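Colleague: What would the 3D arrangement of this be:
(one chain, ligands or ions: 1)
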Amino acid sequence: MNLKTDLYINGAWVKGNGTLPVYDPATGSVIAEVQTAGEEECAAAVDAAFAAQKSFAATAPRVRAEILRKAFEIMIAEADDIARLVSRENGKVFSDAKGEVLYAAEFFRWFSEEAVRTPGDFRKSPSGDKRILVTHQPIGVSLLITPWNFPAAMATRKIGPAVAAGCTMILKPAGETPLTALYIVGIMERAGLPKGVLNFILPSKTGPMLSKVLHDPRVRNLSFTGSTEVGRVLIKEAADTVLRTSMELGGNAPFVVFDDADIDAAVAGAMLAKMRNGGAACTAANRFFVARKVAEEFTTKFAAAMSALKMAPGLDDGAQLGASVSMKERNKIAELVDASVKSGGKLITGGKTPEGDGAFYPATVISVDKNNEILKNEVFGPVAPIVVFDTDEEGIALANDTDFGLISYVFTEDLKRGIRAAEALEAGMVAINKGVISDPAAPFGGVKQSGLGREGGFAGIHEFLETKYIGVEI
Ligand code: NAD
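Modeller: Below you'll find the model as predicted:
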């Protein structure tokens with residue numbers, strides 16, 4: 001595969017002020033050196049996006065829709081190649097990477113359909129003195145910042161609605177996984193996106209250089225996906241220019257199993273909710289709360305399924321659990337497990353850090369009490385702490401005992417009980433009897449410190465649109 005490693009500014013692939021190595025976390029070897037942006041390239045990206053904004057906003061929605069549709073088709077046709085690239089730079093196994101690429105492509109298809117359906121409103125005012133017209137206009141130049149855990153899907157979930165809405169962009173991916181983002185930029189170029197509309201930067205000094213971009217008054221929107229910690233910093237920065245922000249932040253998802261749950265289905269759901277992406281998902285189930293009556297059966301079956309997973313480099317045949325994105329991330333996971341065990345957690349399976357250069361950590365199940373520190377952290381890895389509860393109220397209270405509120409999972413055979421729980425769970429999304437509910441056609445996002453705004457669904461395009469009211473004397 002011909003890897004793209006240059007910056008992309010104003011429709012041209014250009015060099016920057018240096019290079020950044022991208023590693024294969026399964027071996028520790030360098031895959032490529034990607035160009036980094038200096039002050040000059042960051043400023044040029046803003047100039048280009050600003051210069052293209054007016055004409056792009058004026059393009060017919062159908063034209064923008066067709067570009068997205070074409071990008072969807074290219075991505076589907078090249079899905080295997082892209083999945084291999086995702087797996088190499090991120091560490092996840094090929095099947096997870098392929099699943100991500102197909103999911104990522106769907107954002108282009110969904111937003112190609114949304115581009116031509118932006119709603120408006122025309123009404124007589126209640127007093128009859130005027131007509132009320134409501135329309136939606138692109139916000140303008142948008143800075144898109146994405147994390148390493150879904151290098152394809154987090155980029156398309158932002159590029160899709162931005163193109164549909166008519167916004168120009170500056171894309172800044174995570175330094176660990178820029179190659180997938182560059183590939184997607186190449187797809188947008190091939191799909192016919194006009195020059196200047198999408199610009200790619202990888203600043204050599206992330207914080208200070210992006211702060212400068214954010215403070216440029218020509219930048220009008222920030223769409224960020226990443227940790228709550230960095231999100232907080234960016235919300236403060238955004239206050240200076242009253243910048244519109246979308247924040248898709250961290251999670252610490254509870255997985256609640258009631259005493260009437262179908263345990264085999266709950267275990268299958270738990271494997272998906274916990275192990276997709278090796279546990280490195282903002283939606284990953286991180287805290288398992290299981291009713292006492294079924295706790296033993298669930299724990300035994302779940303631990304058996306976890307310990308049966310084949311841990312190997314993501315592109316190896318039959319690999320089911322790949323490497324973490326880096327040694328640093330892997331060591332963080334190991335430290336959390338060690339601390340949990342020290343404070344009373346009982347290991348059921350896993351928990352032993354393997355030797356060697358690959359950033360591997362085994363699938364781990366720990367039985368803990370409700371005060372164990374591991375429950376307070378977003379473990380971005382294959383680790384499942386299990387807590388036993390006695391009543392539904394207690395299970396829900398434990399699930400809600402967190403500053404995060406992205407997604408919650410609940411398993412029960414009684415739909416009424418499931419809906420009641422879903423209404424009581426403090427989360428932007430609730431999965432009932434399902435291990436994965438992410439869908440480009442549904443609103444994705446969190447409450448509490450998991451974020452602001454929604455991506456995907458009918459709401460997604462509105463993160464890139466501003467509402468305008470026009471009052472008319474008739
Ligand atoms: P991170 O917050 O460390 O980094 C995210 C992005 O922000 C990267 O591109 C990084 O380079 C950039 N960044 C870091 N410091 C910055 C600064 N000072 N100014 C501007 N940009 C800065 O997150 P990560 O480790 O890449 O990803 C994991 C986190 O992302 C987890 O917390 C996970 O839950 C979250 N996440 C959330 C969602 C969601 O939709 N809610 C989806 C995926 C990941």
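Colleague: Pick out the residue of the chain closest to the ligand.
Modeller: With CB to the nearest ligand atom, the shortest gap between the chain and the ligand falls at Gly226, namely 2.6 Å. For the C-beta atoms, the positions are set from N, CA and C on the backbone; glycine is no exception.
Colleague: The stretch 301-450 of the chain against the ligand: which residues are in contact?
Modeller: Counting by CB under 6 Å from any ligand atom, the stretch 301-450 of the chain comes close to the ligand at 378, 406, 446.
Colleague: can we see that at 8 Å?
Modeller: Neighbours of the ligand within the stretch 301-450 of the chain, by CB under 8 Å from any ligand atom: 329, 378, 380, 406, 444-446, 450.
Colleague: got the contact list for Leu193?
Modeller: Applying CB atoms under 8 Å, 6 or more residues apart in numbering, we find Leu193 in contact with 67, 163.
Colleague: Mind naming the longest helix for this protein?
Modeller: Longest helix in the chain, counting residues (DSSP state H): helix 94-114.
Colleague: quick one on the thing from earlier: give me phi/psi at the residue of the chain closest to the ligand?
Modeller: Main-chain torsions, Gly226, degrees, to the nearest 10: phi 170, psi -160.
Colleague: Could you export the residues of the stretch 301-450 of the chain next to the ligand as CSV, including pLDDT and secondary structure?
Modeller: As requested, those are exported to CSV (pLDDT from 0 to 100; DSSP: H, G, I helix; E, B strand; the rest coil):
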residue, pLDDT, secondary structure
Glu329, 96, helix
Glu378, 93, coil
Phe380, 95, coil
Leu406, 98, coil
Phe444, 98, strand
Gly445, 98, coil
Gly446, 98, coil
Ser450, 98, coil
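Colleague: Would you point out the most distant pair within the residues you listed?
Modeller: By the measure CB to CB, Glu329 and Gly445 form the most distant pair in those, at 24.0 Å.
Colleague: Look at those two and report which has more neighbours.
Modeller: Gly445 (24 against 20; other CB atoms under 10 Å).
Colleague: how far away is the more buried one from Glu33?
Modeller: Distance of Gly445 to Glu33, computed by CB to CB, to the nearest Å: 35 Å.
Colleague: quick revisit: quick one, phi psi at the closest residue to the residue of the chain closest to the ligand other than its chain neighbours?
Modeller: What sits nearest to Gly226 in space, not counting adjacent residues and going by CB to CB, 6 or more residues apart in numbering, is Pro147, at 4.5 Å. Per-residue torsions, Pro147: phi -90, psi -180 (degrees, to the nearest 10).
Colleague: Stretch 29-46: end-to-end distance?
Modeller: Criterion CA to CA, to the nearest Å; first-to-last residue distance in stretch 29-46 is 34 Å.
Colleague: Buried residues, it. List them.
Modeller: 31-32, 34-38, 41-46 (16 or more other CB atoms under 10 Å).
Colleague: Of the residues of the stretch 301-450 of the chain next to the ligand, grab the buried ones for ChimeraX.
Modeller: Selecting the buried subset of these in ChimeraX, with 16+ other CB under 10 Å as the burial test, is done by:
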select :329,378,380,406,444,445,446,450
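Colleague: Got the domain ranges for the chain?
Modeller: The chain breaks down into these structural domains: 7-249+450-472, 253-439 (assignment by automatic domain parsing).
Colleague: could I get those as JSON lines with distance to Met1?
Modeller: Formatted as JSON lines, the domains of the chain follow (distance: least, CB to CB, whole Å):
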{"stretch": "domain 7-249+450-472", "distance to Met1": "6"}
{"stretch": "domain 253-439", "distance to Met1": "13"}
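Colleague: where's the closest residue to Asp6 other than its chain neighbours, which helix or strand?
Modeller: Nearest non-adjacent residue to Asp6, counting by CB to CB, 6+ apart: Trp13, 4.0 Å away. According to DSSP states H and E, Trp13 maps onto strand 12-14.
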